[in-house]
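Enquirer: missing the sequence, but the structure's below:
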């Protein structure tokens, strides 16, 4: 399984940080030079976001476009290889060599991956209690992972660390070919398919996002729209949404699903 690291070409600082975090495995990372969406001209940006805007009446930020295109670039690179699986990492990931070895060992034990496997990166969200999954113990090991419930998939965000096989990679590429969208819109990407989502909490994402360009752009793009939505839908929408989430969470707990982060 090849490990792909998505990183801006001139961001030597982040690569040095990662080399210190992963001294044994970093040399095996295949660097994918990230696409900087902020450097696209107006025509390129428009062509990339017009279908998404038509479908959702919402804009993708330039950095979101660059992020998605960078992941598509990594997936295409993977499909040019003969590898069965690809581990895709972003250069702000946090972890150590043992985390990488654990991920490789888990994937060695998974015979036929029928979905995307997320390996962490959900820190800092206030809705993690809604992320529930069915636990699986790998035989003759201490490794455990979860099959994320369909309900919970919409609470899984970020693309900082995940594994796909060749079939899933081709499927993701086809989804974005039809309409470029956020790379981390996992629930939307998977909702019309039979593919599943799996989760094991090994690698981490920074909680402090002050240095994140994509987060700054999202705040400036979406702040007004979020307030407008709250104003339009009102307090009743917020109450209904809260009740809906709590109801499904309770049902899943009764059915034996576990809160992934509480268990971990």
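Expert: Received the coordinates, thanks. Owing to the predicted nature of the structure, the values given are computational and were not obtained by experimental measurement. Residues are numbered from 1 along each chain as shown.
Enquirer: low pLDDT regions in the stretch 151-264 of the chain?
Expert: 208-235, 237, 262-264 (pLDDT under 70).
Enquirer: Please, where are all the helices along it?
Expert: Remark: helices assigned in the stretch 151-264 of the chain by DSSP state H, counting those that start in this stretch are 166-178, 186-190, 213-254, 260-263.
Enquirer: where along the chain do the strands fall?
Expert: For the chain, applying DSSP state E gives strands covering 2-7, 29-33, 85-90, 115-120, 132-137, 144-148, 161-165, 196-203, 258-259.
Enquirer: a markdown table for the ones you listed, including mean neighbour count?
Expert: For the C-beta atoms, the positions are set from N, CA and C on the backbone; glycine is no exception. Converted to a markdown table, the strands of the chain look like this (neighbours: other C-beta atoms under 10 Å):
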| stretch | mean neighbour count |
| --- | --- |
| strand 2-7 | 21 |
| strand 29-33 | 16 |
| strand 85-90 | 24 |
| strand 115-120 | 25 |
| strand 132-137 | 17 |
| strand 144-148 | 21 |
| strand 161-165 | 24 |
| strand 196-203 | 22 |
| strand 258-259 | 18 |
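Enquirer: Using JSON lines, lay out those strands together with distance to residue 184.
Expert: JSON lines is the format used below for the strands of the chain (distance: least, C-beta to C-beta, whole Å):
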{"stretch": "strand 2-7", "distance to residue 184": "13"}
{"stretch": "strand 29-33", "distance to residue 184": "17"}
{"stretch": "strand 85-90", "distance to residue 184": "10"}
{"stretch": "strand 115-120", "distance to residue 184": "10"}
{"stretch": "strand 132-137", "distance to residue 184": "18"}
{"stretch": "strand 144-148", "distance to residue 184": "14"}
{"stretch": "strand 161-165", "distance to residue 184": "9"}
{"stretch": "strand 196-203", "distance to residue 184": "12"}
{"stretch": "strand 258-259", "distance to residue 184": "21"}
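Enquirer: for those, which one sits closest to residue 248?
Expert: strand 132-137 (8.9 Å; C-beta to C-beta).
Enquirer: tell me the angle of the closest one relative to strand 196-203?
Expert: In terms of direction (axes from the mean of the first three to the mean of the last three C-alpha atoms, to 10 degrees), strand 132-137 departs from strand 196-203 by 70 degrees.
Enquirer: What degree of burial does residue 121 show, as a neighbour count?
Expert: Neighbour count for residue 121, taken as other C-beta atoms under 10 Å: 26.
Enquirer: What backbone torsions are found at it?
Expert: phi 90, psi 20 (degrees, to the nearest 10).
Enquirer: Please name the residues that touch it.
Expert: When contacts are counted by C-beta atoms under 8 Å, 6 or more residues apart in numbering, residue 121 touches 93, 158, 160, 161, 203, 204, 205.
Enquirer: Could you do residue 84 as well?
Expert: Contact partners of residue 84, counting by C-beta under 8 Å, 6+ apart, are 1, 165, 166.
Enquirer: List just the nearest of those residues to residue 177.
Expert: Relative to residue 177, the closest of the contacts of residue 84 is residue 166; by C-beta to C-beta it sits at 16.3 Å.
Enquirer: Surely the closest one is in contact with residue 81?
Expert: No: assessed by C-beta atoms under 8 Å, residue 166 is found out of contact with residue 81, at 9.2 Å.
Enquirer: can you list contacts of stretch 143-152?
Expert: 102, 105-106, 109, 117-118, 130-138, 156, 196-200, 248-249, 252, 257-258, 260.
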